[in-house]
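Asker: quick one: sequence and predicted model below, then my questions.
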Amino acid sequence: MWKESSEEPQPLRTGLTTGTCATACCVAAAHHLLSRLNKEKKDIDEIIFSPKQVSITLPKGKIVELTIDSYSPVISGVENNIASDSEHLVKTTTIKDAGDDPDATHGATVFVELSLQDKNHITFSAAEGVGTVTRDGLALAIGEPAINPVPRKMMLEHLQDVAKEYAYQGGFSVAVGIENGEAIAQKTMNPRLGIMGGLSVLGTTGIVRPFSCAAWIASIFQGMDVAIANGIDHLVATTGNTSEETIKNHYEKLGSPLSDMALIEMGDFAGAVLKHSKKVAIKQLTFCGGIGKISKLANGHMDLNSRVSAIDFQHMADIAQSLGADETLLEKIIQANTSVEVLQLCQQHNIPIGDALCEQALLVARKKIARKTISRKTPSDNIILTVWAIDRKGCFVGYASDKTAGDKIDNNVSDRPA
């Protein structure tokens, strides 16, 4: 039987990012190696320091403590350009706790293989489960391990602090990995972003905030950046698998197939797409989603998740009324249980509510990306917007586009289905 939930909402736990976990592993490994090195140099009978708990200072100054799960020698690190001397190379692990956030890496084992090197600098590489950048447009160059700038900075600074503690003048080679990361990455947008072979080591604050979905929003921004960097100027944002497949098939039938890079899996975060559209040089932005999601956008909601925004049946009734719906139909719309039911009611009475909702959603999107001042036009003022709505079977049930806006396009081929 299901356990009854509390009548009072419980506070949600925050978690720690993959970058914070990797930093903790670095600190633990550095203490282990440098205390061993000191013992060898001084030829003293001293216990090697392998801390079970490690304190990490996050970018905003907060100090958190993580548990180190294991220490083990690494037999060979040649694949990661790490010296194979096991006495000067150690692997440390910790278990990621993402708190109450539905993070794909919650519970994953994050590890670092750390070795000492003569030169006084710190290098990073990808171990098992961490991806490699293969496309332009990300914060990292092609060929770099997918370890983002903030986690790199955290690891760098903490390693430097440990080195000072031991008066160590050399450097470190850092290989970051995530067990089963390559398999987990298939559930993320990394393959589409051109991050191949595993996950990204993420984090800007070091903390995972429950249901902030910061990683998803960051991947939306990255996806848009990658597309632009690779010469794509028409982006298509979809709410899920059905809408993505529907719009892909539509453009293939038009003879204008979409690159995977052009497809932005926005989920519920329409606001994130619109926000970033003001910063990137795109010519055309198309939205495609279920009729319920599009109705929420039409009502001004930027987060389309049911936890945040509900379908407003009164709003849908108001639109239907403007299209000529009678009182009987309006009452049925207000009493409806789902957006699909509203759609079916309107279709029975030849009320084009799908198109009307798309038109309203387009106006909301246009207003969102418009400049606050009207002194001069910016790229976002010229973006051609198109909105599609689909039903649960993946059939188009609504459409709106301002194809006359901005730059001229080839109007010999219409997006509108026959």
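Answerer: Looks like it arrived, so ask away.

Asker: can you give the contact residues for stretch 345-365?
Answerer: 270, 274, 285, 287, 291, 294-295, 297-300, 316, 319-320, 322-326, 329, 332-333, 336, 342-343, 385-389, 397-402 (CB atoms under 8 Å, 6 or more residues apart in numbering). For glycine as for every other residue, the C-beta is placed from the backbone atoms N, C-alpha and C.

Asker: any idea how far the helix or strand Gln347 falls within is from the chain center?
Answerer: Per DSSP states H and E: Gln347 is located in helix 339-348. With CA atoms, centre = their mean, to the nearest Å as the basis, helix 339-348 stands 34 Å off its chain's centre.

Asker: if we can go back for a sec, from the contacts of stretch 345-365, which land in helices?
Answerer: 270, 274, 291, 294-295, 297-298, 316, 319-320, 322, 329, 332-333, 342-343 (DSSP state H).

Asker: now do the buried residues in the helix ranked longest in the chain.
Answerer: Counting by DSSP H, the longest helix found in the chain is helix 18-42. Within helix 18-42, the residues that count as buried by 16 or more other CB atoms under 10 Å are 18-38.

Asker: just checking: what are the partner strands of the very next helix or strand once past that helix?
Answerer: Downstream of helix 18-42, the first helix or strand assigned by DSSP H and E is strand 53-57. In the sheet, strand 53-57 lines up against strand 63-67 (antiparallel) (DSSP bridges).

Asker: how near is the nearest residue to Gln222 once chain neighbours are set aside to Glu265?
Answerer: Spatial nearest neighbour of Gln222, excluding adjacent residues (CB to CB, 6 or more residues apart in numbering): Leu193 at 5.4 Å. Computed as CB to CB, to the nearest Å, the Leu193 to Glu265 distance reads 10 Å.

Asker: overlap of the contact sets of those two?
Answerer: 219, 223.

Asker: comparing the two, which residue is more hemmed in?
Answerer: Leu193 (24 against 19; other CB atoms under 10 Å).

Asker: what residues are up against that one?
Answerer: 135, 138, 219, 222-223, 226.

Asker: before we move on, what about Ser309?
Answerer: Here Ser309 is in contact with 296, 299, 301, 303 (CB under 8 Å, 6+ apart).

Asker: again with Gly129
Answerer: Gly129 sits next to 177-182, 184-185, 198-199 when contact means CB under 8 Å, 6+ apart.

Asker: can you do 10 Å?
Answerer: By CB atoms under 10 Å, 6 or more residues apart in numbering, the contact list for Gly129 reads 105, 108-111, 176-185, 197-199.

Asker: distance of it from Phe172?
Answerer: Counting by CB to CB, the separation of Gly129 from Phe172 is 20 Å.

Asker: likewise for Ala24?
Answerer: Distance from Ala24 to Phe172, by CB to CB: 15 Å.

Asker: starting from the worst-scoring helix or strand of the chain on mean pLDDT, tell me which strands it pairs with and how they run.
Answerer: None of the helices or strands of the chain scores lower by mean pLDDT, DSSP states H and E than strand 207-208, at a mean of 79. Strand 207-208 pairs in its sheet with strand 15-16 (antiparallel), by DSSP bridges.

Asker: rewinding a little: max pairwise distance over the contacts of Leu193: which two?
Answerer: Of all pairs drawn from the contacts of Leu193, the widest gap by CB to CB lies between Arg135 and Ser219 and measures 13.4 Å.

Asker: hey, what's in contact with both of those two?
Answerer: Joint contacts of Arg135 and Ser219 (CB under 10 Å, 6+ apart) are 192-193, 195, 226.

Asker: which sections of the stretch 51-200 of the chain are below the confidence cut-off?
Answerer: Scanning the stretch 51-200 of the chain with the threshold set as pLDDT under 70 gives 75-87, 102.

Asker: residue boundaries of the helices in it?
Answerer: Ranges of helices in the stretch 51-200 of the chain, per DSSP state H, counting those that start in this stretch, are 149-165, 181-185, 190-193.

Asker: would you turn the ones you listed into CSV with distance to Asn249?
Answerer: Putting those into CSV (distance: least, CB to CB, whole Å) gives the following:
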stretch, distance to Asn249
helix 149-165, 38
helix 181-185, 26
helix 190-193, 18
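
Asker: element containing the most centrally placed residue in the chain?
Answerer: The centre of the chain sits closest to Trp216, judged by CA atoms, centre = their mean, with a distance of 2.4 Å. Counting by DSSP H and E, the element that carries Trp216 is helix 214-229.

Asker: which parts of that helix are buried?
Answerer: By 16+ other CB under 10 Å, the buried positions in helix 214-229 come out as 214-228.
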